[in-house]
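**Q** pasted the sequence and its predicted model underneath.
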Amino acid sequence: MRMRPDRQTALVILLLLALLAGAVLRPTGYLKPVEDFASTILAPLQYGFSWITSRVTQVLDTVRQLRAMPAHIKELQDTVDRLMIENVRLREAEVDNANLRELLQFKLVNPTYEMLAAEVIGRDPSNLLYFITIDRGTNDGLAEGMPVVTARGLVGRISTAFPRTARVMLLNDPASSVSALIQSSRATGVIQGEGPDGLALRYVEQSEAVEAGDIVLTSGLGGGYPKRLVIGQVDSVGRSDVEMFLEISVQSAVEFSRLETVLVIINADTAD
Amino acid sequence: MVSPYLAAAWLILIATLQTSAMPWLRVAGVVPDVMLLVVISASLLLGSRSGFIWALAGGMLLDLLSGGPTAAASISLAVAALAIGLLRSNLPQDMSWMPLASSALGTAVYQVSYWVILQLAGHPSPWLPSLLQVILPGIMANSLLAYPTFWTMRRVFGHSAG
């Protein structure tokens, strides 16, 4: 809009006067009708612009968020990964804690035993043999023949001790045998390893009262193992008129394939 | 010619895995015999004589880590390698099912040999549970891992196979 200079000056003066008038009249309320009229006229426009602006802003925000989304997803994924690792670590710590608590409880219940905790670090490479390797050896005071237990019961005995490790023959190895007795009837026998079949209690006479569910303990006879260590529970009893002894299958108290931490009884000979 | 250092390192790794990690990966209730599968693969890829050497070396490592009778694993693996050698020499070389057949035959020969040695060495092992719960599931477990082991061995040592 091209205007002559004198008109422009006049317009500026007019606007300044209007501004001055507005400033003076507004507090008195004389300007209210003008304001009402203006707001009535402008409100739809305001609404329209406001609606469009908000939608455009939303779209821009969405675009901005979409741009930032990969980084955000990566950040969330990192957090999920970190929390999963943390969760696994905590669960492992929880399992370790429970194991150690059980072992500690066993130690408290059996104060006469001098025991050493050991981690299982290996298993026999043959499926026909039942040995584990633990991370303690003669340097820690271990020797061949020492009994190995968990809080649940007897595991086996050390068959070979090396300076830093030891090999433990598990109860279910076919070459393993332990003098045992039935807790309720006091019937004595010998627990022998049956390999994959678990344990069998042999040399218990037919006349003995043995039932499924009876607890089997070490008898302490023959040395090597202290008395009253839990071996397991009678699983089934087979009676036969032509056999001299009962056929007793025993469920070990220990799950041999899942051993992680064990206790070696160092003073088995003198503890009782 | 396979580098003896690489072969030794490989066997040590396998023996360690066999006694530490594999017991946690039971198949049909038994632990797969990875060392046996490695020996079988070596026999197929590198020849019967090499397989026999691998069997003796791998077996000695297993014997060191085992509570069983001395040399039980070495002898059993060697017998299995000989059996695979016989199988290999009497059948066409390009049979795709050779690793599977060798694995089944090798496992049976290895386990039975091991069982016989245990009996002879005064380490009794009941035959029926051993057959039903160790040897037969062992054949199945090892057969499952036959091809992965064979392919891995071919990738690591294949360039030497000629």
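**A** Good, I have the coordinates.
**Q** distance check, the residue nearest the centre of chain B against A:Ala10.
**A** For chain B, the residue nearest the mean C-alpha position is B:Leu36 (1.0 Å; C-alpha atoms, centre = their mean). Separation of B:Leu36 from A:Ala10 (C-beta to C-beta, to the nearest Å): 109 Å. For the C-beta atoms, the positions are set from N, CA and C on the backbone; glycine is no exception.
**Q** over to A:Asp269?
**A** 122 Å.
**Q** for B:Gly58, same thing?
**A** 109 Å.
**Q** the two: who's more crowded?
**A** B:Gly58 (29 against 12; other C-beta atoms under 10 Å in any protein chain shown).
**Q** flag every buried residue along stretch B:117-133.
**A** B:Ile117, B:Leu118, B:His123, B:Ser125, B:Pro126, B:Pro129, B:Ser130, B:Gln133 (16 or more other C-beta atoms under 10 Å in any protein chain shown).
**Q** the second one and A:Leu128 touch, don't they?
**A** Yes. Using C-beta atoms under 8 Å, B:Leu118 and A:Leu128 qualify as a contacting pair, with a distance of 6.0 Å.
**Q** flag every residue of chain B that's near chain A.
**A** B:15, B:18-20, B:23, B:26, B:29-31, B:33, B:35, B:62, B:65-68, B:72-73, B:111, B:114-115, B:118, B:122-126, B:129-130, B:133-134, B:138 (C-beta under 8 Å from any C-beta of the partner chain).
**Q** what's the PyMOL line that selects buried ones from the residues you listed?
**A** To isolate the buried members of these in PyMOL, using 16+ other C-beta under 10 Å:
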select buried, chain B and resi 15+18+19+23+30+31+33+35+62+65+66+67+68+72+73+111+114+115+118+123+125+126+129+130+133+134+138
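**Q** tell me which of the residues of chain B next to chain A fall in helices.
**A** B:15, B:18-20, B:35, B:62, B:72-73, B:111, B:114-115, B:118, B:129-130, B:138 (DSSP state H).
**Q** most widely separated two among these?
**A** Across those, no pair lies farther apart than B:Ala15 and B:Pro129, at 26.3 Å, counting by C-beta to C-beta.
**Q** what pLDDT does B:Ala161 get?
**A** As predicted, B:Ala161 sits at a pLDDT of 53.
**Q** same check, this time on B:Gly47
**A** So B:Gly47 comes in at 89 (pLDDT).
**Q** any idea how far it is from chain A?
**A** For B:Gly47, the distance to chain A equals 25 Å [C-beta to the nearest C-beta, to the nearest Å].
**Q** got phi/psi on that residue?
**A** phi 110, psi 160 (degrees, to the nearest 10).
**Q** what distance do you get for it to A:Val242?
**A** 56 Å.
**Q** the more surrounded of the two?
**A** Higher neighbour count among B:Gly47 and A:Val242: B:Gly47, with 16 against 4, using other C-beta under 10 Å.
**Q** count the neighbours of A:Thr62 for me.
**A** 11.
**Q** I'd like the next helix or strand past the helix or strand in which it is found.
**A** Element membership for A:Thr62 (DSSP states H and E) is helix A:32-109. Of the helices and strands lying after helix A:32-109 in sequence (DSSP H and E), the nearest is strand A:115-123.
**Q** okay, now the sheet partners of that following strand, with direction.
**A** strand A:131-134 (antiparallel), strand A:261-265 (antiparallel) (DSSP bridges).
**Q** what's in contact with it?
**A** By C-beta atoms under 8 Å, 6 or more residues apart in numbering or on different chains, the list of residues contacting strand A:115-123 from outside reads A:100, A:103, A:107, A:131-136, A:140-142, A:148-149, A:165-166, A:259-266, B:19-20, B:23, B:31, B:65.
**Q** quick revisit: residues contacting the residue nearest to the centre of chain B?
**A** When contacts are counted by C-beta under 8 Å, 6+ apart, B:Leu36 touches B:Leu77, B:Ala80, B:Gly106, B:Thr107, B:Tyr110, B:Asn142.
**Q** show me what contacts the residue nearest to the second one when sequence neighbours are not counted?
**A** It stands for B:Ala80. The shortest distance from B:Ala80 to any non-neighbouring residue, by C-beta to C-beta, 6 or more residues apart in numbering or on different chains, is to B:Tyr110 (4.0 Å). Contact analysis of B:Tyr110 by C-beta under 8 Å, 6+ apart lists B:Asp33, B:Leu36, B:Ser76, B:Leu77, B:Val79, B:Ala80.
**Q** which of these sits closest to chain A?
**A** Nearest to chain A among the contacts of B:Tyr110: B:Asp33, at 7.5 Å, using C-beta to the nearest C-beta.
**Q** how about the closest residue to the closest one other than its chain neighbours, phi and psi?
**A** Leaving aside its sequence neighbours, B:Asp33 sits nearest to B:Asn142 (C-beta to C-beta, 6+ apart; 5.6 Å). When read as degrees, to the nearest 10, the backbone of B:Asn142 gives phi -70, psi -30.
**Q** and the residue nearest to the centre of chain B, what's its pLDDT?
**A** 96.
**Q** one step back: are any of the contacts of strand A:115-123 buried, and if so which?
**A** A:103, A:131-134, A:136, A:140, A:142, A:148-149, A:165-166, A:259, A:261-266, B:19, B:23, B:31, B:65.
**Q** what does chain A have sitting close to chain B?
**A** Residues of chain A lying near chain B (C-beta under 8 Å from any C-beta): A:121-129, A:131, A:133, A:159-160, A:167, A:169, A:173-175, A:194-197, A:257.
**Q** which ones among the residues you listed map onto strands?
**A** When strands are assigned by DSSP state E, the members of those inside them are A:Ile121, A:Gly122, A:Arg123, A:Phe131, A:Thr133, A:Ser159, A:Thr160, A:Arg167, A:Met169.
**Q** look up the closest residue to the fourth one, ignoring the ones flanking it.
**A** This points to A:Phe131. Using C-beta to C-beta, 6+ apart, the nearest residue to A:Phe131 is B:Gly67, at 3.4 Å.
**Q** from B:Gln111, how far off is that neighbour?
**A** For B:Gly67, the distance to B:Gln111 - C-beta to C-beta - is 17 Å.
**Q** so B:Met153 touches B:Ala42, yeah?
**A** Yes. The pair B:Met153 and B:Ala42 passes the contact test of C-beta under 8 Å, sitting 6.6 Å apart.
**Q** neighbour count: these two, which is higher?
**A** Shown here are B:Met153 and B:Ala42; by other C-beta under 10 Å, B:Ala42 has more neighbours (29 against 23).
**Q** any idea how far A:Ile13 is from that one?
**A** Applying C-beta to C-beta to B:Ala42 and A:Ile13 gives a distance of 106 Å.
**Q** count of residues packed around A:Asp235?
**A** Neighbours of A:Asp235 (other C-beta under 10 Å): 18.
**Q** hmm, A:Ala253 and it touching each other?
**A** No. Between A:Asp235 and A:Ala253 there is no contact under C-beta under 8 Å: 11.7 Å.
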